[in-house]
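Asks: Got a predicted structure here, sequence first:
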Amino acid sequence: MPDRARPLSPHLQIYRWQMGNSLSIMHRLSGVFLALGLLALCYWLMSIAGGAAAYAAAMEALVSPLGLLVLCGWIFAFFFHLLNGIRHLFWDAGRGFEAADRRISGWLVIVGSVAFSVGVCACLLYAGAVR
Amino acid sequence: MSLRSPLGRVLGTGSAKDGTAHWWAQRVSAVALVPLCVWFVWSLSGLSLRDHARVVAWLATPLNALLMMFLVAVAAYHAFLGTCVVCEDYVPSHAARVFWLVSLRFLYLITSGAAVLAVLRVALGNV
């Protein structure tokens, strides 16, 4: 593509905000965020191989207030991207395109990802899984 | 009606640059990630993560080591495909876009390769 000004098609600001585009944007955002989480997973695996001291340092960073905040964000992004990804796979198979189906599957993704991530985050924070 | 020939579309000679391979790779890796993610969450939920020896013992199991290497490799591939599309969509300058597309390749290869090596070290008892 040449680097000069070209006419652009109507974009986000033109359209009415609704569930479909919100979930679509969230899918991209959570995917990019999870790509960063993958780097953290790689670091975690390397710290396991690095021995008890390296692992303790990694876990210390993970259970710091900032670490837990980011971790909870990754957990939500993980469940959201997983469930909404399954929704996308159904669409790719040609199913669930009707308005009612899209609304139901969208709400299932929202409720499911919040429920799963609240459950897992609660386990991490209160049940002492990381302590 | 499209003026492009089906052959030209599949060979990737248009502005999209490629055919259906990218779409398929993203879907197949997504399907593979679903059971791997379920396994990952299920495994971690039963593990006391603060205990290094237990985490090592868990990861050293052949099945767990294999699945973890699959998870890292497939997730890196899937993330590579996805973040490349994000770069192609949102990085306007050609030079910056090429820089990011090449950098992402190196980033995922290096980090996932190092993580696979780490799992192998644990699985082969070098920890």
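Replies: Alright, I've got the coordinates. Numbering: from 1, shown residues only, chains lettered A, B, ... in the order given.
Asks: show me where chain A has helices.
Replies: Along chain A, the segments classed as helices by DSSP state H run A:19-49, A:52-62, A:65-92, A:99-126.
Asks: For those helices, give me JSON lines that also has mean pLDDT and mean neighbour count.
Replies: (Each C-beta comes from the backbone N, C-alpha and C, glycine too.) Formatted as JSON lines, the entries for those read as follows, by pLDDT from 0 to 100; neighbours: other C-beta atoms under 10 Å in any protein chain shown:
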{"stretch": "helix A:19-49", "mean pLDDT": "96", "mean neighbour count": "18"}
{"stretch": "helix A:52-62", "mean pLDDT": "95", "mean neighbour count": "16"}
{"stretch": "helix A:65-92", "mean pLDDT": "96", "mean neighbour count": "18"}
{"stretch": "helix A:99-126", "mean pLDDT": "93", "mean neighbour count": "15"}
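Asks: possible to save the ones you listed as TSV with distance to chain B?
Replies: Supplementary listing: the helices of chain A in TSV, determined by distance: least, C-beta to the nearest C-beta, whole Å:
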stretch	distance to chain B
helix A:19-49	4
helix A:52-62	4
helix A:65-92	5
helix A:99-126	7
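Asks: Between the ones you listed, which one is closest to B:Ser29.
Replies: When the helices of chain A are compared by C-beta to C-beta, helix A:65-92 sits nearest B:Ser29, at 10.4 Å.
Asks: same for the closest one, what does it pack against?
Replies: Using 3 or more C-beta pairs under 8 Å, 6 or more residues apart in numbering or on different chains; DSSP states H and E as the contact criterion, the secondary-structure elements in contact with helix A:65-92 are helix A:19-49, helix A:52-62, helix A:99-126, helix B:21-45.
Asks: follow-up on the earlier one: in a markdown table: the helices of chain A, plus distance to B:Cys37.
Replies: Rendered in a markdown table, the data for the helices of chain A read as follows (distance: least, C-beta to C-beta, whole Å):
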| stretch | distance to B:Cys37 |
| --- | --- |
| helix A:19-49 | 10 |
| helix A:52-62 | 19 |
| helix A:65-92 | 6 |
| helix A:99-126 | 11 |
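Asks: want to try TSV for the helices and strands packed on helix A:65-92, with distance to B:Thr83 as columns?
Replies: Rendered in TSV, the data for the helices and strands packed on helix A:65-92 read as follows (distance: least, C-beta to C-beta, whole Å):
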stretch	distance to B:Thr83
helix A:19-49	5
helix A:52-62	23
helix A:99-126	21
helix B:21-45	11
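Asks: Out of these, which is closest to A:Leu82?
Replies: Taking C-beta to C-beta as the measure, these were each checked against A:Leu82, and helix B:21-45 came out nearest at 5.7 Å.
Asks: From the chain's centroid, how far away is that closest one?
Replies: Relative to its parent chain, helix B:21-45 has a centroid offset of 9 Å by C-alpha atoms, centre = their mean, to the nearest Å.
Asks: Rounded mean pLDDT for the next helix or strand after that helix, please.
Replies: Toward the C-terminal end, the helix or strand that comes next after helix B:21-45 (DSSP states H and E) is helix B:52-60. Helix B:52-60 carries an average pLDDT of 96.
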